[in-house]
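*Asks:* With the sequence up front, the predicted model follows.
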Amino acid sequence: MKVLVVDMTHGGLLISSEFMKIPETEVLALDIYKSMDPLRSEELKNKGLTFLESLDDIEEYKNQIVESDLMIVAPVHCKLEHNIALTHHEAVGYLLNDKIDIPIIEVTGVKGKTSIVWMLKEIFKELNPLVLSSLGVEVFEDGKWKVLKRNISITPASIIEAWKLAEGYEKGICIFETSLGGTGLADVGILTNLAEDYPIASNSRTASEAKRQIFKSKAVACEIESYNSKYSEFSGKTNTFGNSRNTKNSANLTASQIQFGFDKTNFQIDIVDFKTSNNHILNESFEVSTFAPAPIHITNILAAVCASLTIGISIKKIKEGLNNFKGVKGRTSINEQNGIRIIEEINPGLNVTAIKKAISMLENMDNVGVIFGGKYGVTCEEIDEESVSDVLERINEDKPLILVDKLGASVKNILKRNSIYFNDLDDAMENVVDKNIKNVLVIYRSNFSDLKNR
C-alpha cells in the first residue's frame, strides 16, 4: 500500500507516523504549508518517510505507479485537484478502528463544543472518561481530574495523541472534541450547530459539508435547525435538540419553564419520540438545575443530555452531572473580584454570532459594563469587524463599553457610539472598579491559557 499524507500542519505528521507502522506500507508526506522544522523532517526521512516538495510532485509520482495504488489522505479543508481517498478524520477512524474498545462520544460544530464536552465530563465522571478538548487532554483518576497535556489542537489527529497519552490509565469512555466533522469511531456524535456556515477549502466547500462527517457515527445528536436545513436524510440515526417546540418539525429534546439565574438556571427538559441506542423510545419530562445564564447555554445542555440519553445514561446521573457543572474557564464562566461580578466569555473562536449571544445575557442586568477586544490570528477563522461593530452599537448607552487590545482598537475606529480604549485587559478592569460598575461582561477573543496568569 502507498499512502500520501497531505498537510503536516494540521496533524498530518502524526497520521504519517501511524501509517508507517503498518507492514508493507510506503508513506509519503507533503508539507503543503512548509511549516515543518527541517531537523524534524530529516529525522523522519531517515526513518523512511518520503517528502514530496510540491503539489506538482504528486502528478509526477502518480505517473510512476498505477494511480489506484496511491491512497491520498488530506484534511477536509484542503483543496486538491487529485482524488482524496480519506480525509484526516477518516484516516484516524481507519487507524484506531481496532484499538479503542470503549464507547466514544465525538463533539463537533461551530459553537459550544468545549462547553458541551465539560458537561459530559461531569455526567460520565464515574466511568473515568478520557477527554480531549481545546483546553487539553484529561483523565479522571482517584477522584480527581489529571491533565495529560495542555495546548493541544482539536484536529482529528489529536485523538490519536490523546489515546496514546492515556495508555495505562483506566478508561470507561472517550469524549473527544473535534473540528470540522467526525472520524466514524463514535457511538454518538454531537453536532452543536451551524451558527456560521463559513467557507473552507479555498471557498470551494462549506463547513456544513465538512461536518457531515459526524453522521458516520453510529448515532447522532443534532441541533434541530441544522438538521432541518442540511441533514434530514439521516433521520434513522439522529435525535434532535432545540430550545423551543414552537417551530415546525420540532426537536426530540426541548426546554420549557426556564428560570434563568447567574449561578443556577432551572428548567424542564421535554423528551418526545427519542431513540436510544438499545432501541427504546422515550417520551417523558424531567427538571434540571445547572449553570446556564443565557439561552445559548440551554442549547448546549440539551446537546449533552441528548448524547447521554442516546448512549443509555440514566436521567438521575444526567441531573447529578449537570448540577455539578459550574461553567468552563475559557468559555462562559462567572466569578467575583473586588465585589464585582465578572461574566467571562473568552474564546479563541469568538465570532459575530457568539458575541450576539453573549450580549443577550445583558437583557436582565443592571449596573453593567462591557469589555470587548482580543487578538487576531488565534484561529484560522478571522472576525468581521464591521459586523461586530453593528452588534456593539446596539448596546444601550447607559452600559459603558470598554475596548481593549488589537481587536478593540480596530473596532473603535468603526464605532459611532461612546467607548473608551485600553491596551491591556487589566487596565480595563481597573477602569470598571473606578466607575463602581457592579457587573461586567468580558468578551475577549483569545486562548484562555494566554490570560490565566493575568
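*Replies:* Great, that's in hand.
*Asks:* CA only for contacts and neighbour counts going forward, please
*Replies:* Will do.
*Asks:* got the buried residues for the top helix by length along the chain?
*Replies:* Counting by DSSP state H, the longest helix found in the chain is helix 295-311. Buried residues in helix 295-311, counted by 16 or more other Cα atoms under 10 Å: 295-311.
*Asks:* C-alpha coordinates for that helix, PDB please?
*Replies:* What follows is helix 295-311 as a C-alpha-only set of coordinates in PDB (Å, rounded to 0.1, in the frame of the first residue of the first chain):
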ATOM      1  CA  PRO A 295     -30.400  30.800  26.000                       C
ATOM      2  CA  ILE A 296     -27.200  29.500  24.200                       C
ATOM      3  CA  HIS A 297     -26.200  27.600  27.300                       C
ATOM      4  CA  ILE A 298     -29.600  25.900  27.400                       C
ATOM      5  CA  THR A 299     -29.000  24.600  23.900                       C
ATOM      6  CA  ASN A 300     -25.500  23.300  24.900                       C
ATOM      7  CA  ILE A 301     -27.100  21.500  27.800                       C
ATOM      8  CA  LEU A 302     -29.700  19.900  25.600                       C
ATOM      9  CA  ALA A 303     -26.900  18.700  23.300                       C
ATOM     10  CA  ALA A 304     -25.100  17.000  26.200                       C
ATOM     11  CA  VAL A 305     -28.300  15.500  27.500                       C
ATOM     12  CA  CYS A 306     -29.200  14.300  24.000                       C
ATOM     13  CA  ALA A 307     -26.000  12.400  23.600                       C
ATOM     14  CA  SER A 308     -26.200  11.000  27.200                       C
ATOM     15  CA  LEU A 309     -29.700   9.600  26.800                       C
ATOM     16  CA  THR A 310     -28.800   8.200  23.400                       C
ATOM     17  CA  ILE A 311     -25.900   6.200  24.900                       C
END
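*Asks:* any idea how far Ala166 is from the spatially most central residue of the chain?
*Replies:* Against the mean C-alpha coordinate of the chain, by Cα atoms, centre = their mean, the closest residue is Lys113 at 3.4 Å. Distance, Lys113 to Ala166, using Cα to Cα, to the nearest Å: 21 Å.
*Asks:* Just give the number of residues close to Glu363.
*Replies:* Neighbour count for Glu363, taken as other Cα atoms under 10 Å: 9.
*Asks:* The longest helix of the chain - contacts with which helices or strands?
*Replies:* For helix 295-311, the packing partners by 3 or more Cα pairs under 8 Å, 6 or more residues apart in numbering; DSSP states H and E come out as helix 113-123, strand 188-191, strand 219-223, strand 238-241, strand 253-259, helix 315-324.
*Asks:* what residues does the longest one touch?
*Replies:* Which is helix 113-123. With Cα atoms under 8 Å, 6 or more residues apart in numbering as the test, helix 113-123 has contacts from 107, 129, 131, 133-135, 175-177, 192, 300-301, 303-304, 308, 317-322, 324-325, 327-328, 331.
*Asks:* immediately after that helix, which helix or strand?
*Replies:* Later in the chain than helix 113-123, the nearest helix or strand by DSSP states H and E is strand 129-133.
*Asks:* now that next one against helix 113-123, angle please.
*Replies:* Between the axes of strand 129-133 and helix 113-123, defined by axes from the mean of the first three to the mean of the last three Cα atoms, to 10 degrees, the angle is 170 degrees.
*Asks:* So what are the sheet partners of strand 129-133 and their directions?
*Replies:* Taking DSSP bridges as the criterion, strand 129-133 sits next to strand 136-141 (antiparallel), strand 173-177 (parallel) in its sheet.
*Asks:* ranking these by burial, who's on top?
*Replies:* With neighbours taken as mean count of other Cα atoms under 10 Å, the strands paired with strand 129-133 reach their highest mean count in strand 173-177, at a mean of 26.
*Asks:* Break the chain into its domains for me.
*Replies:* 2-84, 104-241+292-324, 332-450 (automatic domain parsing).
*Asks:* Including distance to Thr254 and mean pLDDT, could the ones you listed go into TSV?
*Replies:* Shown next, in TSV, are the domains of the chain (distance: least, Cα to Cα, whole Å; pLDDT from 0 to 100):
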stretch	distance to Thr254	mean pLDDT
domain 2-84	32	82
domain 104-241+292-324	6	92
domain 332-450	19	84
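*Asks:* can you give me the strands for the stretch 351-454 of the chain?
*Replies:* Taking DSSP state E, counting those that start in this stretch as the test, the strands found in the stretch 351-454 of the chain are 368-374, 401-404, 420-422, 439-445.
*Asks:* Please identify the helix or strand for the residue found closest to Asn283 once you drop the neighbours it is linked to in the chain.
*Replies:* Nearest residue to Asn283, sequence neighbours excluded (Cα to Cα, 6 or more residues apart in numbering): Val272, at 4.7 Å. According to DSSP H and E, Val272 maps onto strand 265-275.
*Asks:* mind listing what's buried in the helix or strand immediately after that strand in the chain?
*Replies:* Downstream of strand 265-275, the first helix or strand assigned by DSSP H and E is strand 281-290. Of the residues in strand 281-290, Leu282, Val288, Ser289, Thr290 count as buried by neighbour count, 16+ other Cα under 10 Å.
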